[in-house]
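Colleague: missing the sequence, but the structure's below:
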């Protein structure tokens, strides 16, 4: 992530620079990150707008190819350009051209060999569950609505089994092609936020009335992994899986043992930190 | 708001009941509350779905006819029906038929002569301002985005002038027809929420990074009144109006003296409390 400082050490003139974008988006209106024919995607919008801006055939490389309906506060994309636009000005220039549901949060120059997927990083995801009697319109695209009580203590106890390095094959969508299903989870917590804002207007005395956020940080995640962890923790919260069973579910390396894949809309990629 | 108890005192049989709905909605996709020809409105959707459900020609009466793009957590609508559906079941039955951006939060029977606009009440509105370097997609329809610093202390000092009973003609959209422009404001505050959730993914060190919420409670509000108060407080925050000038702006009873009308999207009707 050094700002291209190594270039100055070489006498060879560089005609292109590599720029890193941190990208926030509401994934509701998109068929996910990755370019697809005849479908609106985040990557496709970035390519279109960068090509428009620079006059070059720009193709970005993303850090995390999020699914349809999944959101991001800080996904990462890099691209190479010969344009003379100062690195930090790309954010402003792109935001003027992007739709309102994609906003570049920062743009910086990085080393020419920096690759957002082929280097060590920590990724943080969050999964929101709206847990109350009735849905709230403001959360309809960004949280999984669940009526009925969830045993938060049980969910929190279940979290412990996920910590550390494990083969997470039980938490990988069937058919995903990866070299290894071993990943390390640094932290996994279930946060409870009272609905101070949203709940005030509502007179219903029925509980619960809260937003639960499952926050997970790891060195990488398999396909659908966070959504399967969320779906499994919900099953624990409902009493269908006991917290002490989770260790065995992980050890089984069998997708069928874990809970269902929670809906895409509740998931957002919060942050990617590179070493 | 008593649950129709007085009916039992009369010997005359009642064939209809009056039902009160508390309605939450995201106003983004609607041309406001009030029915209009060839336009999608909250009231129109409620009428359509109630007519479908009961087989009667139902027309609701709303408490607050919010503008296009304005949201609600607890607007109130009443209607009369001869249907035998239990009062508290209407919320569930209607939510099954309503679009996702309108959700009934509760349904109760009220006195047959209860009128949601012709009785004493306290209304609470909130106005959200996203105050940071770049917009966030998740807030694009629910907050007014403002870059640059706002003097929160000055905004809070300016709030004091609004408290109590005043002629708020300076804070009423020109051309609005009302019998009186006198209203009472019980409380007006500017809350600051750090963007714990949204800000985490963003590496920018530039300040500010916060969500400001202007919360106001009163016995009623003139047309655009909360949005003009918000626009005026923003001018104070920017240093264009001094806090001590606000008293004179109110006293002038002249719309031209107050600040601009802040955008609809930042406004939500939180709650209506009937005495």
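Modeller: Yep, it's here. Here the structure is a predicted model, which is why all the values come from computation and not from measurement.
Colleague: Where does pLDDT dip in the stretch 51-200 of chain A?
Modeller: A:196-200 (pLDDT under 70).
Colleague: and it, which residues reach chain B?
Modeller: Applying Cβ under 8 Å from any Cβ of the partner chain, one finds that the stretch 51-200 of chain A approaches chain B through A:71-74, A:91, A:95, A:100-106, A:124, A:126, A:134-138, A:140, A:142, A:197-198, A:200. From N, CA and C alone the C-beta is placed, and that goes for glycine too.
Colleague: Would you mind writing the PyMOL command to select the buried ones in these?
Modeller: One line in PyMOL is enough to select the buried members of these, burial here meaning 16 or more other Cβ atoms under 10 Å in any protein chain shown:
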select buried, chain A and resi 71+72+73+74+91+95+101+102+103+104+105+106+124+126+134+135+136+137+138+140+142+197+198
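Colleague: Does residue A:31 touch residue A:37 like I think?
Modeller: No. Here residue A:31 does not reach residue A:37: they are 10.4 Å apart, not a contact under Cβ atoms under 8 Å.
Colleague: higher neighbour count, the two?
Modeller: residue A:31 (17 against 5; other Cβ atoms under 10 Å in any protein chain shown).
Colleague: Quick check: pLDDT value at that one.
Modeller: The confidence metric pLDDT takes the value 97 at residue A:31.
Colleague: One more: the one 3 residues further on?
Modeller: In the predicted model, residue A:34 carries a pLDDT score of 96.
Colleague: if I pick the residue lying closest to it once chain neighbours are set aside, what's in contact with it?
Modeller: In space, residue A:34 comes closest to residue A:65 once its chain neighbours are excluded; the distance is 4.7 Å by Cβ to Cβ, 6 or more residues apart in numbering or on different chains. By Cβ atoms under 8 Å, 6 or more residues apart in numbering or on different chains, the contact list for residue A:65 reads A:32, A:33, A:34, A:43.
Colleague: The second one and chain B: what is the separation?
Modeller: Translated: residue A:33. Remark: distance between residue A:33 and chain B (Cβ to the nearest Cβ, to the nearest Å) = 14 Å.
Colleague: Also the last one?
Modeller: Spatial separation of residue A:43 from chain B under the definition Cβ to the nearest Cβ is 16 Å.
Colleague: how many neighbours does that residue have?
Modeller: Residues near residue A:43, counting by other Cβ under 10 Å: 22.
Colleague: And the helices in chain A?
Modeller: Shown for chain A, the helices assigned by DSSP state H span residues A:42-54, A:90-97, A:152-159, A:225-237, A:246-252.
Colleague: Who are the packing partners of the last one?
Modeller: Identification of packing neighbours for helix A:246-252 by 3 or more Cβ pairs under 8 Å, 6 or more residues apart in numbering or on different chains; DSSP states H and E yields helix A:225-237.
Colleague: what is the mean pLDDT for the helix it packs on?
Modeller: According to the model, helix A:225-237 has a mean pLDDT of 98.
Colleague: Can you confirm whether it lies near chain B?
Modeller: No. For helix A:225-237, no contact with chain B is found by Cβ under 8 Å from any Cβ; the gap never falls below 14.9 Å.
Colleague: tilt between that helix and helix A:152-159?
Modeller: 130 degrees (axes from the mean of the first three to the mean of the last three Cα atoms, to 10 degrees).
Colleague: all strands for chain A, in order.
Modeller: In chain A, strands defined by DSSP state E lie at A:17-25, A:61-62, A:71-81, A:102-110, A:121-132, A:144-146, A:164-167, A:182-194, A:209-218, A:267-274, listed in chain order.
Colleague: Which strands border the shortest one, and is each parallel or antiparallel?
Modeller: Each strand pairing with strand A:61-62, determined using DSSP bridges, is listed with its direction: strand A:71-81 (antiparallel).
Colleague: need the contact list for residue A:152.
Modeller: Applying Cβ under 8 Å, 6+ apart, the residues near residue A:152 are A:190, A:192, A:212, A:237.
Colleague: wouldn't the first one be in contact with residue A:159 here?
Modeller: Yes. Applying Cβ under 8 Å, one finds residue A:190 in contact with residue A:159, separated by 6.5 Å.
Colleague: what about the nearest residue to residue A:144 once chain neighbours are set aside, how many residues close to it?
Modeller: The shortest distance from residue A:144 to any non-neighbouring residue, by Cβ to Cβ, 6+ apart, is to residue A:266 (3.8 Å). Counted by other Cβ under 10 Å, the residues lying close to residue A:266 total 28.
Colleague: Residue A:266 reaches residue A:140, doesn't it?
Modeller: No. Applying Cβ under 8 Å as the test, residue A:266 and residue A:140 come out as separate, 11.0 Å apart.
Colleague: want to try TSV for the helices of chain A, with distance to residue B:258 as columns?
Modeller: Listed next are these as TSV, based on distance: least, Cβ to Cβ, whole Å:
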stretch	distance to residue B:258
helix A:42-54	39
helix A:90-97	31
helix A:152-159	47
helix A:225-237	47
helix A:246-252	59
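Colleague: highest average neighbour count across those helices?
Modeller: For the helices of chain A, the largest average neighbour count (mean count of other Cβ atoms under 10 Å in any protein chain shown) is found in helix A:225-237, namely a mean of 25.
Colleague: tilt between that helix and strand A:121-132?
Modeller: 40 degrees.
Colleague: Could you check the angle helix A:225-237 makes with strand A:209-218?
Modeller: Using the same axes, to 10 degrees: helix A:225-237 against strand A:209-218 is 130 degrees.
Colleague: Can you spell out which helices and strands pack onto helix A:225-237?
Modeller: Under the contact definition 3+ Cβ pairs under 8 Å, 6+ apart, helix A:225-237 sits against strand A:121-132, strand A:144-146, helix A:152-159, strand A:182-194, strand A:209-218, helix A:246-252, strand A:267-274.
Colleague: orientation of the fifth one relative to strand A:267-274 in degrees?
Modeller: Counting by the same axes, to 10 degrees, strand A:209-218 points 30 degrees away from the direction of strand A:267-274.
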